[in-house]
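Participant: coords please:
(chains A and B)
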Amino acid sequence: MTHISHFTAVFLFALFASTVFGITQRETPRRMFRYGLYCFCLFVSSAIVISWVMFLIAR
Amino acid sequence: MLYSQKGMATAPVKTAAGSNSQQGFVYLPLIAGWLFPGAGHFLLRKWGRGALLSVSIIGMFVLGLAMKGKIYSSAQDILDMLGFVGDLGNGLLFVLSRVLGLGADQVMVTTADYGTKFIVVAGLLNVIAAVDAHNLRTGRKPE
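Facilitator: Next up, the predicted model:
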């Protein structure tokens, strides 16, 4: 059984999902890369922000 | 009234299947892409895209299994039914994991819950990839 941290799970999830989103939702390789990077940043940053919000609520 | 495209500013859309876009079984990339991640793009000779899709979807599915994620086998309630539909999107990976008895029967730890979601999302991403291959095949999406 693989034990990974929450952030590693978020990172891998964002990486794989962003790759598929980039390839399938845009036409040219350049736009695919940019859209994939955009999705990745949104995934990871929103996870960090929501985590901090939950941490502050739980205090 | 007849319109002529001669002299118009927009170039004709180049499809993955080229001039043979209406020949052959048009749903083959869709079905192949669903059965095996990236196979639809491989059929259309999109090697790079197919490889990236394959690695991403299979990687997510294998990570889900490694985290002892649950493979849905039956639907007891609406959430199970949705999870089962998501798992079905994995095509042969789902069948193989069921035959080999992979995955946990019950979610016991937090990472197993993550693993279950990884497997479901891998199936949903595979459906998106298969539909993309179909759109390339029909010319709806430019090459």
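
Participant: Every contact and neighbour count from this point should use C-alpha atoms.
Facilitator: OK.

Participant: which intervals of the chain have sub-threshold pLDDT?
Facilitator: I went with chain A, as the question did not name one. Counting by pLDDT under 70, the low-confidence segments of chain A come to A:1.

Participant: right idea, wrong chain: chain B
Facilitator: Along chain B, segments meeting pLDDT under 70 span B:1-23.

Participant: Can you pull up the most central residue in it?
Facilitator: Nearest to the centroid of the C-alpha atoms of chain B, with distances taken as C-alpha atoms, centre = their mean, sits residue B:126, at 2.0 Å.

Participant: Against residue B:120, how distant is it?
Facilitator: According to C-alpha to C-alpha, to the nearest Å, residue B:126 stands 10 Å off from residue B:120.

Participant: Of all the residues in the helix or strand where residue B:130 lies, which ones are buried?
Facilitator: Per DSSP states H and E, residue B:130 falls inside helix B:110-138. Buried residues in helix B:110-138, counting neighbours by 16 or more other C-alpha atoms under 10 Å in any protein chain shown, are found at B:111-138.

Participant: helices and strands around that helix, which ones?
Facilitator: When contacts are defined as 3 or more C-alpha pairs under 8 Å, 6 or more residues apart in numbering or on different chains; DSSP states H and E, helix B:110-138 packs onto helix A:6-25, helix B:28-35, helix B:39-43, helix B:47-66, helix B:78-88.

Participant: make it 10 Å
Facilitator: With contacts defined as 3 or more C-alpha pairs under 10 Å, 6 or more residues apart in numbering or on different chains; DSSP states H and E, the packing partners of helix B:110-138 are helix A:6-25, helix B:28-35, helix B:39-43, helix B:47-66, helix B:78-88, helix B:92-99.

Participant: Tell me which of these lies nearest to residue A:41.
Facilitator: Distance to residue A:41, taken as C-alpha to C-alpha, is lowest for helix A:6-25 among these, at 8.2 Å.

Participant: Go through the closest one and flag the buried ones.
Facilitator: For helix A:6-25, the neighbour count (16+ other C-alpha under 10 Å) marks A:9, A:11-25 as buried.

Participant: what about residue 56, neighbour count?
Facilitator: Using chain A. Using other C-alpha atoms under 10 Å in any protein chain shown, residue A:56 is surrounded by 9 other residues.

Participant: Hmm, no, I was thinking of chain B.
Facilitator: The criterion is other C-alpha under 10 Å. On that basis, residue B:56 has 24 neighbouring residues.

Participant: likewise the one 5 residues further on?
Facilitator: A total of 26 residues lie near residue B:61 under the criterion other C-alpha under 10 Å.

Participant: again, but for residue A:59
Facilitator: The number of residues packed around residue A:59, counting by other C-alpha under 10 Å, is 5.
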